[in-house]
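Q: compute the structure for the input listed below.
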Amino acid sequence: MASCDMCGKQGGLATADVEGVEMNVCQNCARFGTVKKKADAIGVPQKKMHKEQPFKVTANYAAVLRQAREKQELSQEDFARFLQEKESIVAKWEQGKMQPSVEVARRLEKTLGVMLVEEEVEQSFVQEKMPKGDGFTLGDFMKVRKKV
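A: Below is the predicted model of the structure:
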């Protein structure tokens, strides 16, 4: 159920123009603006679902970013300006305290010419069938332990 953009009250919303901003507000907060649509005409906006991405940022992203900066002989401040990011964000990336999102890592890859994103491989516990006689089984281990 949707909530009022001003007070957070649930249900009974209307679209109103409050000081030039179109908002979904309850009956009480609607008095602060001009009502455009009543509650029965408002559709509940659907939340966007984030798809699981099959990619992840590499484990050594901090070292890769630091090497890229040092290769260009830039300070963190200049490097941040070059990447159009805050200096504190770049510092946290280089220290490994904060990981860039996959989208940001993709942009950094294009800008710096480095690899920061890798495909995430799901490991399943289903083993492929091995031909008989190949491999070491738990039974083989038990036999070896008894012999020793």
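Q: can we go C-alpha only for contacts and neighbour counts from here?
A: Noted.
Q: break this protein into its domains for me.
A: Using automatic domain parsing, the domain ranges for the chain come out as 1-41, 55-119.
Q: put together TSV for those, with mean pLDDT and mean neighbour count on each row.
A: Formatted as TSV, the domains of the chain follow (pLDDT from 0 to 100; neighbours: other Cα atoms under 10 Å):
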stretch	mean pLDDT	mean neighbour count
domain 1-41	82	16
domain 55-119	88	15
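Q: what's the closest non-adjacent residue to the residue nearest the centre of the chain?
A: The centre of the chain sits closest to Ser101, judged by Cα atoms, centre = their mean, with a distance of 5.1 Å. Among residues not flanking Ser101 along the chain, Val57 sits closest, at 7.4 Å (Cα to Cα, 6 or more residues apart in numbering).
Q: was I right about that neighbour contacting Val114?
A: No: counting by Cα atoms under 8 Å, Val57 does not reach Val114; the two are 12.0 Å apart.
Q: just to revisit the earlier point, was I right about the residue nearest to the centre of the chain contacting Thr58?
A: No: contact criterion Cα under 8 Å: Ser101 and Thr58 do not qualify, at 10.9 Å.
Q: got the residue ranges for the strands in this protein?
A: All strands of the chain, identified by DSSP state E, fall at 14-18, 21-25, 34-37, 55-57, 117-119.
Q: for the fourth one, which outside residues touch it?
A: Residues external to strand 55-57 that are found in contact with it (Cα atoms under 8 Å, 6 or more residues apart in numbering): 99-102, 105, 116-120.
Q: among the residues you listed, which lie within helices?
A: 102, 105 (DSSP state H).
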